[in-house]
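Asker: A structural model of the following input is requested.
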Amino acid sequence: MPPPTATLSVSSSSSSSSSLSLFPFSSYSSSKKPQLGFCRSPIRTRLTKFTSLTKPKYPIRKLMTLSAVSIEKETVVSERPHSFLREADGEDDGSVRSRFQRMIMEVQESVCGALETLDGAGKFKEDAWTRPGGGGGISRVLQDGAVFEKAGVNISVVYGVMPPEAYRAAKAAVTDQKPGPIPFFAAGISSVLHPKNPFAPTLHFNYRYFETDAPEDTPGAPRQWWFGGGTDLTPAYIFEEDVKHFHSIQKKACDKFDPSFYPRFKKWCDDYFYIKHRGERRGLGGIFFDDLNDYDQEMLLSFATECANSVVHAYIPILEKRKDTAFNESHKAWQQLRRGRYVEFNLVYDRGTTFGLKTGGRIESILVSLPLSARWEYDHKPEEGSEEWKLLDACINPKEWI
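Answerer: Numbering: from 1, shown residues only. Have a look, this model is predicted:
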């Protein structure tokens, strides 16, 4: 009997579904999803110097695509709506949902305005979209500007039902698992900024609010909520004054609410952005937190707002100093190598990317955080004592910058 051969088929069903990544928040297409099936090949295949194919260790169903989040198809709109909330939630009723939505809209506007002013040439392309049952988002991307190679600042407000696999990807606590499909609400802002100049650092920030209702098979369970997010810096070269400035802004935002936040979230950031197969961090850190609900909800809303509003003050002064610094091909090549590390982390370890892929999201939106270009060299090692080596050492051995 010839071995089974994988084939790709597309369902002819007229029904469609749409899903999205919450990290970064983006719109998703509802095109028909390819499904992986298996059939017996009519042609006998000879394998030479390979291990023979035997009965699969796991049932074939394990190879099928994961069920997608149940979300209505999005519609692109020419004008952004005042609110993406469902009518039942109230457009501006003072709830956490409505206030968080207002905050992310205001932050998107202020950050994009500051970036366009700094760039001087590039302009953000904007796509707004809604869904019939509520929810939607605004995606803004500036590409090939004078300062920025690629800059994305996206917001999203989402209603849906996620499968257990997506819930585990969205939650940091692996032991916190739910047995069935989970209705959810999520809102957030997500941004990655990649400058052209190798002496100007990449910045990432993401702030989100999440609610889940009881799973369909456990009625009456209480609603859960949590906040997550952070801001982190990824330079190719270390300017200590820049890193200290960046971390001081993070500490200042944290200290307004709890002096334990900065050291706790700084370590969390160093631990989260760890590239295990390299034994190094993606960058020089900042703050990161997730599943945060062990404080007063109002306090955490104010904390997330403060952190998001601190982005411009933390980043723009650094870019103003470094965007026009002279550089050569060697500097650019090192930047591209570090961008390769950025890609590796996002594709292999980032929970937001994992969530998007597990929910069948639109690939262009899930991967908006990736740079336009990156580089991999075989067994590259910077010369000990060089500026490149100093950056790598700081990524391997996280430092206390302030």
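
Asker: where along the protein do the helices fall?
Answerer: Secondary structure of the chain, counting by DSSP state H: helices at 96-119, 164-170, 240-255, 261-272, 297-309, 311-322, 329-348, 351-358, 363-366, 387-396.

Asker: need the least confident one among these, by mean pLDDT.
Answerer: Least confidently modelled of the helices of the chain is helix 164-170, at a mean of 60 by mean pLDDT.

Asker: format the helices of the chain as JSON lines; extra columns: distance to residue 291.
Answerer: Glycine gets a C-beta too; all of them are placed from N, C-alpha and C. JSON lines is the format used below for the helices of the chain (distance: least, Cβ to Cβ, whole Å):
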{"stretch": "helix 96-119", "distance to residue 291": "16"}
{"stretch": "helix 164-170", "distance to residue 291": "9"}
{"stretch": "helix 240-255", "distance to residue 291": "17"}
{"stretch": "helix 261-272", "distance to residue 291": "11"}
{"stretch": "helix 297-309", "distance to residue 291": "11"}
{"stretch": "helix 311-322", "distance to residue 291": "22"}
{"stretch": "helix 329-348", "distance to residue 291": "20"}
{"stretch": "helix 351-358", "distance to residue 291": "11"}
{"stretch": "helix 363-366", "distance to residue 291": "21"}
{"stretch": "helix 387-396", "distance to residue 291": "26"}
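
Asker: which of those helices sits closest to residue 79?
Answerer: helix 96-119 (14.0 Å; Cβ to Cβ).

Asker: got the buried residues for that closest one?
Answerer: Buried residues in helix 96-119, counted by 16 or more other Cβ atoms under 10 Å: 96-101, 103-105, 107-108, 111-112, 114-116, 118-119.

Asker: which of the helices of the chain sits closest to residue 198?
Answerer: Using Cβ to Cβ, the helices of the chain put helix 329-348 closest to residue 198, at 3.5 Å.

Asker: for that closest one, name the packing helices and strands.
Answerer: Helices and strands touching helix 329-348, by 3 or more Cβ pairs under 8 Å, 6 or more residues apart in numbering; DSSP states H and E, are strand 274-275.

Asker: now the end-to-end length of stretch 82-97.
Answerer: Taking Cα to Cα, to the nearest Å, stretch 82-97 runs 14 Å from one end to the other.

Asker: what's in contact with that stretch?
Answerer: With contact meaning Cβ atoms under 8 Å, 6 or more residues apart in numbering, stretch 82-97 is reached by 98, 101-102, 130, 133-137, 157, 159, 185, 187, 209, 211, 225, 297, 301.

Asker: how about 7 Å then?
Answerer: The contact list for stretch 82-97 (Cβ atoms under 7 Å, 6 or more residues apart in numbering) reads 98, 101, 130, 133-137, 157, 159, 185, 187, 209, 297, 301.

Asker: likewise for stretch 102-118?
Answerer: The set of residues external to stretch 102-118 that reach it, using Cβ under 7 Å, 6+ apart, is 122-124, 138, 140, 142, 147-148, 151, 153, 155, 187-189, 191, 305, 308-309, 311-312, 316, 319-320.

Asker: what subset of the residues you listed is buried?
Answerer: Listed as buried from those are 122, 124, 138, 140, 142, 147-148, 151, 153, 155, 187-189, 191, 305, 308-309, 311-312, 316, 319; burial here means 16+ other Cβ under 10 Å.

Asker: what sits against the closest residue to residue 249 other than its chain neighbours?
Answerer: Nearest non-adjacent residue to residue 249, counting by Cβ to Cβ, 6 or more residues apart in numbering: residue 314, 3.9 Å away. Each residue near residue 314 by Cβ under 7 Å, 6+ apart is listed here: 231, 246, 249-250.

Asker: how much space is there between residue 314 and residue 307?
Answerer: 10 Å (Cβ to Cβ, to the nearest Å).

Asker: quick revisit: between the contacts of stretch 82-97, which is closest to residue 283?
Answerer: If you rank the contacts of stretch 82-97 by distance to residue 283 using Cβ to Cβ, residue 209 comes first, at 25.1 Å.

Asker: so that closest one makes contact with residue 101?
Answerer: No. Counting by Cβ atoms under 7 Å, residue 209 sits too far from residue 101 to count as a contact (8.9 Å).

Asker: mind listing the shared neighbours of those two?
Answerer: Residues touching both residue 209 and residue 101 (Cβ under 7 Å, 6+ apart): residue 187.

Asker: neighbours around residue 233, how many?
Answerer: Per other Cβ atoms under 10 Å, the neighbour tally for residue 233 reads 24.

Asker: what's the answer for the one 4 residues further on, then?
Answerer: Taking other Cβ under 10 Å as the criterion, the count of residues near residue 237 is 20.

Asker: before we move on, back to that, of all pairs in the contacts of stretch 82-97, which one is the farthest apart?
Answerer: Greatest spatial distance in those: 130 and 297, 27.0 Å, computed using Cβ to Cβ.

Asker: and these two? which has more neighbours close in?
Answerer: The residue with more neighbours, out of residue 130 and residue 297, is residue 130; 19 against 13, by other Cβ under 10 Å.

Asker: could you find the closest non-adjacent residue to residue 99?
Answerer: Nearest to residue 99 is residue 301, by Cβ to Cβ, 6+ apart, at 6.4 Å.

Asker: doesn't residue 101 make contact with the one you found?
Answerer: No. Using Cβ under 7 Å, residue 301 is not in contact with residue 101, being 11.5 Å away.

Asker: residues in contact with stretch 298-310?
Answerer: Applying Cβ under 7 Å, 6+ apart, the external contacts of stretch 298-310 come out as 96, 99-100, 103, 107, 189, 207, 227, 229, 231, 249, 253, 256-257, 292.

Asker: pull out the buried residues from that stretch.
Answerer: Buried-residue list, stretch 298-310, by 16+ other Cβ under 10 Å: 300-301, 303-305, 307-310.

Asker: likewise for stretch 227-247?
Answerer: Buried residues in stretch 227-247, counted by 16+ other Cβ under 10 Å: 227-239, 242-243, 245-247.

Asker: kind regards, and thank you for your time.
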